[in-house]
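[1] Whatever this is, show me its structure:
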Amino acid sequence: MADSSPASSAQRPKSDLPRESRHRMSGRGEPKTSVVVPHRPKWHQRLAALAIFFIERLVISTLRVRWDDRAGVAAGTLAGPVIYCLWHNRLALSMCVWRNYVRRHLPNNGLTALISASKDGALLACALERWAVQPVRGSSSRRGPQALLELTSWLERGYNLAITPDGPRGPRYVVQPGVVLLGQVTGAPVIPVSYRASRKITFRSWDQFQVPLPFSHCDIILEKPIYIPHAASDEERECLRQQIEERLRAITRDD
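    Here you go, the predicted structure:
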């Protein structure tokens, strides 16, 4: 079994990655021959992204946050880039986690986020760029292999990765195989992240998207890292997928 530590795996050249893993993220056994071009943001989406950025900054500044850092981010126990993994309906506070905690303790580490190649993804990508986050466009259904290679390239440059394992279409709170494959080919540990807000708005979308209200109390949890061995079998990957899902569900409360 190959060494799965972040220090050794982050430097592994792309040619050493399992070829079948590069294509499995698309949900098919064979690579696609056509290149999928992500939707580009329209002018009104750029304007909306700017409004979202300022509103989000304002709301975050009012929140009363309690951090539960089981991952050891503040203690400096993580050697190398990691993969932050959070539910799709918890995206509203993803930049609070990044800006107010991770970047404060690890100021030299950038962040790359996997964003859908759809029209809605174009808006989100534009908003994240305002936070100096590098978006990579793709999902399990569109541009999967290309996105996997791009994410691997950014991690090799020292960037952390962020992914919503049940996005972009669900089912809600079900981890898809993509995050396990990403952890396998990069060697980076997967850190489940979630939060509970005392006061929030819950939308009637497939994921029941949550937006904390100003001055809410928020408990934000960064769970212990999960390592995916480079030589993991199909059965081991499924066990680790279930483990990531169980840990994410355990730190997620909707009441």
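
[2] give me the number of residues near the nearest residue to Phe53 once chain neighbours are set aside?
    In this structure, Phe53 finds its nearest non-sequential neighbour in Arg130, 4.0 Å apart by Cβ to Cβ, 6 or more residues apart in numbering. Yep, even glycine has a C-beta here, placed from its N, CA and C like the rest. Arg130 has 16 neighbours, counted by other Cβ atoms under 10 Å.

[3] any idea how far stretch 192-204 is from the chain center?
    Chain-centre distance of stretch 192-204: 17 Å, with Cα atoms, centre = their mean, to the nearest Å.

[4] got the buried residues for that stretch?
    Residues of stretch 192-204 classed as buried by neighbour count (16 or more other Cβ atoms under 10 Å): 192-197, 200.

[5] wait, which of those is closest to Pro81?
    Checking these against Pro81 by Cβ to Cβ gives Val193 as the nearest, at 15.0 Å.

[6] Show me the strands in the stretch 51-200 of the chain, by range?
    Assigned by DSSP state E, counting those that start in this stretch, the stretch 51-200 of the chain shows strands spanning 64-69, 83-86, 111-115, 134-137, 160-163, 190-197, 200-202.

[7] Could you dump those into CSV and include distance to His217 and mean pLDDT?
    Conversion of the strands of the stretch 51-200 of the chain to CSV gives the following (distance: least, Cβ to Cβ, whole Å; pLDDT from 0 to 100):
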stretch, distance to His217, mean pLDDT
strand 64-69, 5, 98
strand 83-86, 19, 97
strand 111-115, 25, 94
strand 134-137, 30, 91
strand 160-163, 24, 96
strand 190-197, 7, 98
strand 200-202, 11, 97
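
[8] helices or strands next to the helix or strand hosting Leu240 in the packing?
    Using DSSP states H and E, Leu240 sits within helix 234-250. Identification of packing neighbours for helix 234-250 by 3 or more Cβ pairs under 8 Å, 6 or more residues apart in numbering; DSSP states H and E yields strand 83-86, helix 178-186, strand 190-197.

[9] mind putting the ones you listed in CSV, distance to Asn109 included?
    Formatted as CSV, these follow (distance: least, Cβ to Cβ, whole Å):
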stretch, distance to Asn109
strand 83-86, 11
helix 178-186, 15
strand 190-197, 13
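
[10] Many thanks, we can stop here.
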